[in-house]
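Engineer: fold the stuff below for me.
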Amino acid sequence: QEQLVESGGGLVETGESLTLSCAASGLTLSYYAVGWFRQTPGKARSVIAATSRSGIGKYYAEAVKGRFTISRDNTKNIVYLQMNSLTAADTAVYSCAAGYQIENLRKGIIDYEGQGVQVTVSS
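Structural biologist: Residues are numbered from 1 along each chain as shown. Down below sits the predicted model:
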């Protein structure tokens, strides 16, 4: 069964860092672009970072540019999201998703997605 499983969420204070992991099982992650999405109550889910299949192409939403870094280890079938300088505005449910290419992810065209993890930043 193909699935993506996120881990690393939790409660941190403003200014701290957190690293999320997205581990794939039953599928070869290197065949897909992978993105991290986040959703807060009352708002639509949006992609905040994405990486191409090779890891060379990257996309970041303006809200996280310069603070978040997406990376992948295709040998381990894992994609990471390093989040620095966290603020209360980053509080959300974060999920990862795989798709054919970054542009597909930005359009919401997703092949696989995880259940998500909660990240809470206290102010």
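Engineer: hmm, who's touching stretch 86-94?
Structural biologist: 6, 9, 12, 14-18, 20, 36-40, 63-64, 67, 81, 83, 116-123 (CB atoms under 8 Å, 6 or more residues apart in numbering). The C-beta positions use only the backbone N, C-alpha and C, and glycine is treated the same way.
Engineer: now those residues: which count as buried?
Structural biologist: Among these, the ones that count as buried by 16 or more other CB atoms under 10 Å are 6, 9, 12, 18, 20, 36-38, 64, 81, 83, 116-117, 119, 121.
Engineer: just the closest of the residues you listed to residue 52, please.
Structural biologist: The nearest member of these to residue 52, counting by CB to CB, is residue 36 at 13.8 Å.
Engineer: list the contacts for the closest one?
Structural biologist: Residue 36 makes contact with 20, 22, 47-50, 68, 70, 79, 81, 94-96 under the criterion CB under 8 Å, 6+ apart.
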